[in-house]
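[1] Next one to model:
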Amino acid sequence: MLAIFPLFSRKKSKDELEIIRFVINRFGYSPKNVSLFKRALTHKSISNNSDELSNERLEFLGDAILDSVIAEFLFVKFPEENEGYLTKIKSKIVSRRTLGMIGREMEISNVLRYNRGRSIKLETIEGNAFEALIGAIYLDGGYRSAQNSINKHIFRKYVDLNHILEEEIDFKSKLFIWSQKNRLPIQFEIITEENDGAQWKYVVCVIINDQEYGRGSGSSKKKAEQAAAKETLELVGEV
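    Numbers count the residues shown, from 1 in each chain. I've put the predicted structure just below:
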């Protein structure tokens, strides 16, 4: 009977069970080779003083997998957007800041193995460990498992895509995207430009289909156009 159940010959340690629970709860994936995930959570500040391998190679792999999955996700989600737009959004999602935020919200530090006696920027190594865990999922379960985890768990729980879009796209660009989708001609027209001796003041309006929409003012043409674009987006229900 013992030969029939070789997988159950060794009980999981407390640390291994904690890692398994963490990956299931945060990534929606059940690890098979726990040692991969243990390595993904091992920072070089620990591995440098032992024979253990750090998570750096898994981080490298996870970065590539994450990049690929997000590129496909955005390609499908925004079928009418050009390459430049998709690249800007992807770079925002995979930025060190966003990945660090995801790692912090996941509370990766609770299972991360690092030298707590050293001065280490925790947010950075949490983001790196997140990528390493994606790499571990890929090696353990294949590309589809990693893709499923990112699309169905990471995006839903930890990534506010709407907020990222709002941060990345200015009002004028957003208005042009809206006009292109709706195939409406749009232009910005300067109503007045005055100088009181100290600074300039511009008033700009947005013209859509020969009809005036939003107006905006500012100390530069750019600021006035942004204000006019924002008011126009509000008028058409896009803000």
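
[2] Would you map the strands across this structure?
    Under the criterion DSSP state E, strands of the chain are mapped to 186-195, 200-208, 211-218.

[3] The shortest one pairs with which strands, and in what direction?
    What it means is strand 211-218. Taking DSSP bridges as the criterion, strand 211-218 pairs within the sheet with strand 200-208 (antiparallel).

[4] buried ones in the strand it pairs with?
    By neighbour count, with 16 or more other Cβ atoms under 10 Å as the criterion, the buried positions of strand 200-208 are Y202, V203, V204, C205, V206, I208. Bear in mind the C-beta positions are built from the backbone N, C-alpha and C, glycine included.

[5] Could you do stretch 146-155 as well?
    For stretch 146-155, the neighbour count (16+ other Cβ under 10 Å) marks A146, Q147, N148, S149, I150, I154, F155 as buried.

[6] same deal with stretch 85-94?
    The neighbour-count check on stretch 85-94 (16+ other Cβ under 10 Å) flags Y85, L86, I89, K90, K92, I93, V94 as buried.

[7] what about dumping the CA coordinates of that stretch to PDB?
    Backbone C-alpha positions of stretch 85-94 (Å, rounded to 0.1, in the frame of the first residue of the first chain) are rendered in PDB as follows:
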ATOM      1  CA  TYR A  85      -2.000  53.500 -26.500                       C
ATOM      2  CA  LEU A  86      -1.700  49.900 -25.600                       C
ATOM      3  CA  THR A  87       2.000  50.200 -24.800                       C
ATOM      4  CA  LYS A  88       1.400  53.200 -22.500                       C
ATOM      5  CA  ILE A  89      -1.300  51.300 -20.500                       C
ATOM      6  CA  LYS A  90       0.800  48.100 -20.300                       C
ATOM      7  CA  SER A  91       3.800  50.000 -19.000                       C
ATOM      8  CA  LYS A  92       1.700  51.600 -16.400                       C
ATOM      9  CA  ILE A  93       0.300  48.200 -15.200                       C
ATOM     10  CA  VAL A  94       3.700  46.500 -15.000                       C
END
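
[8] Contacts for that stretch, please.
    If you take Cβ atoms under 8 Å, 6 or more residues apart in numbering as the criterion, stretch 85-94 is touched by 63, 66-67, 70-71, 74-75, 78, 98, 159, 161, 164-165, 167-168, 177.

[9] So which of the strands of the chain is nearest G127?
    The stretch from the strands of the chain with the least distance to G127 (Cβ to Cβ) is strand 211-218; that distance is 36.7 Å.

[10] Measure how far the helix ranked longest in the chain is from the centre of its chain, please.
    In the chain, ranked by residue count with DSSP state H as the criterion, the top helix is helix 56-77. A distance of 11 Å separates the C-alpha centroid of helix 56-77 from that of its chain, computed with Cα atoms, centre = their mean, to the nearest Å.

[11] Tabulate the buried residues of strand 200-208 (JSON lines), appending distance to F37 and pLDDT.
    As requested, those are arranged in JSON lines below (distance: Cβ to Cβ, whole Å; pLDDT from 0 to 100):
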{"residue": "Y202", "distance to F37": "57", "pLDDT": "93"}
{"residue": "V203", "distance to F37": "59", "pLDDT": "95"}
{"residue": "V204", "distance to F37": "55", "pLDDT": "95"}
{"residue": "C205", "distance to F37": "57", "pLDDT": "95"}
{"residue": "V206", "distance to F37": "53", "pLDDT": "96"}
{"residue": "I208", "distance to F37": "54", "pLDDT": "93"}
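
[12] And those, which is closest to T192?
    Distance to T192 across the buried residues of strand 200-208 (Cβ to Cβ) is lowest for V203, with 4.6 Å.
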